[in-house]
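Chemist: Need a 3D model of the sequence below.
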Amino acid sequence: MFKATALILAVSAALVAQQVKKVPVQPTPAASGQAMFKEYCAVCHGVTAKGDGPAADALKKRPADLTQLTRKNNSSFPELRVMNYITGADVVAAHGSRDMPVWGTLFGSLNPNNREVTTLRVANLVSYVKSIQAQ
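Modeler: Residues are numbered from 1 along each chain as shown. Next up, the predicted model:
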């Protein structure tokens with residue numbers, strides 16, 4: 001079995017140029033989208049999901065403000081698109097790589113013999129992102 005890694009946190013204030021380091025993904029409760037967001041997403045997207053996490057400046061492209069997804073999509077939360085982005089189903093090889101980890105693969109590594117837990121993790125994370133949309 002391999003150790004999954006993700007772009008998590010390794011912003012060093014001592015360095016002139018910030019770097020994002022890959023570290024092993026840590027398990028969180030699959031039932032808590034909020035806990036998963038805090039553990040896996042906030043490092044880049046920020047605790048308020050506005051794209052201002054501590055690792056944001058080290059990335060090539062600024063992380064999305066996840067609180068504005070509904071507003072930017074004609075008042076309709078793009079649930080399928082968010083799910084596909086989290087799972088990596090949106091990755092097109094010709095478009096190059098992306099900074100954001102493919103969480104579907106990483107979540108699957110946490111429970112390799114139970115796809116239902118991976119599906120639950122993705123669904124709950126999507127649900128949490130939906131719940132934080134600006135009004």
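Chemist: Every contact and neighbour count from this point should use C-alpha atoms.
Modeler: Noted.
Chemist: At which residues are the strands of this protein located?
Modeler: 5-7, 22-24 (DSSP state E).
Chemist: Could you count how many residues lie near the residue found closest to residue 133 once you drop the neighbours it is linked to in the chain?
Modeler: Counting by C-alpha to C-alpha, 6 or more residues apart in numbering, residue 133 lies nearest to residue 67, which is 4.3 Å off, once chain neighbours are set aside. For residue 67, the count of nearby residues is 19 (other C-alpha atoms under 10 Å).
Chemist: Then residue 85?
Modeler: 17.
Chemist: Now do it against residue 101, distance only.
Modeler: 9 Å (C-alpha to C-alpha, to the nearest Å).
Chemist: try residue 134
Modeler: Taken as C-alpha to C-alpha, the span from residue 134 to residue 101 is 25 Å.
Chemist: go on, residue 56?
Modeler: Residue 56 is 14 Å from residue 101, by C-alpha to C-alpha.
Chemist: do the same with residue 81
Modeler: 16 Å.
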